[in-house]
Every structure is written in C-alpha cells, then in structure tokens.
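Peer 1: Got a predicted structure plus its sequence, pasted below:
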Amino acid sequence: MVMAFQIALIVFSLLLMLLVLMHKGKGGGLSDMFGGGMQSSVGGSSVAERNLTRITIVVGLVWFACVVVLGLLVKLSD
C-alpha cells in the first residue's frame with residue numbers, strides 16, 4: 001500500500017510541475033525574465049486558462065492528500 005502511494009506521489013508531483021509550468025505568466029515575476037513581459041495581456045483569462053487553473057488545483061489537492069495518507073501509513077507501520 002505504501003509503495004502505491006509513493007508511486008502516485010511521484011506521478012502527481014511530475015504532473016503538478018508540468019501543469020504549473022504551462023500557466024501563462026502574469027507579469028512582475030520570473031516569467032518576465034524569460035520574455036513573458038513582452039506579451040500584451042487580455043482583460044480576462046481564456047476558457048483554457050481557467051480550465052488549466054482548475055485542473056492544477058485538483059491535482060494539487062490530490063497531491064496533498066497523497067502526502068498526508070503516505071505520512072499516516074508510514075507512521076502507523078512503525
């Protein structure tokens with residue numbers, strides 16, 4: 001059981017990194033250093049950006065749940 005949660009944690013960690021890197025830069029941060037500040041911002045975010053944000057939040061919550069469950073399993077197995 002612990003091994004399954006360890007694998008799930010690795011998968012969700014990689015997926016979360018990928019999703020965060022896919023977001024557009026909002027300006028004023030490190031994204032400007034890589035050319036993100038050159039783009040003009042549109043007033044609202046697109047449907048794809050909103051969906052990407054929702055998916056990122058859900059994956060982040062699942063990642064957090066995996067961390068908590070894995071911690072409890074390791075503690076209870078000792």
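Peer 2: Alright, I've got the coordinates.

Peer 1: Pull out the buried positions in stretch 49-69.
Peer 2: 52, 56, 59, 63, 66 (16 or more other CB atoms under 10 Å). Glycine gets a C-beta too; all of them are placed from N, C-alpha and C.

Peer 1: before we move on, what about stretch 8-16?
Peer 2: In stretch 8-16, counting by 16+ other CB under 10 Å, buried: 8-9, 12, 15-16.

Peer 1: So which of those residues is the closest to residue 25?
Peer 2: residue 16 (17.7 Å; CB to CB).

Peer 1: Show me the contact partners of the helix or strand hosting the closest one.
Peer 2: Using DSSP states H and E, residue 16 maps to helix 2-22. By CB atoms under 8 Å, 6 or more residues apart in numbering, the list of residues contacting helix 2-22 from outside reads 52, 55-56, 59-60, 62-63, 66-67, 69-70, 73-74, 77.

Peer 1: could I get these as JSON lines with distance to residue 21, secondary structure and pLDDT?
Peer 2: Formatted as JSON lines, these follow (distance: CB to CB, whole Å; DSSP: H, G, I helix; E, B strand; the rest coil; pLDDT from 0 to 100):
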{"residue": "52", "distance to residue 21": "11", "secondary structure": "helix", "pLDDT": "92"}
{"residue": "55", "distance to residue 21": "13", "secondary structure": "helix", "pLDDT": "95"}
{"residue": "56", "distance to residue 21": "10", "secondary structure": "helix", "pLDDT": "95"}
{"residue": "59", "distance to residue 21": "13", "secondary structure": "helix", "pLDDT": "97"}
{"residue": "60", "distance to residue 21": "14", "secondary structure": "helix", "pLDDT": "97"}
{"residue": "62", "distance to residue 21": "18", "secondary structure": "helix", "pLDDT": "97"}
{"residue": "63", "distance to residue 21": "15", "secondary structure": "helix", "pLDDT": "97"}
{"residue": "66", "distance to residue 21": "20", "secondary structure": "helix", "pLDDT": "96"}
{"residue": "67", "distance to residue 21": "20", "secondary structure": "helix", "pLDDT": "97"}
{"residue": "69", "distance to residue 21": "26", "secondary structure": "helix", "pLDDT": "96"}
{"residue": "70", "distance to residue 21": "24", "secondary structure": "helix", "pLDDT": "96"}
{"residue": "73", "distance to residue 21": "30", "secondary structure": "helix", "pLDDT": "94"}
{"residue": "74", "distance to residue 21": "29", "secondary structure": "helix", "pLDDT": "93"}
{"residue": "77", "distance to residue 21": "34", "secondary structure": "helix", "pLDDT": "87"}
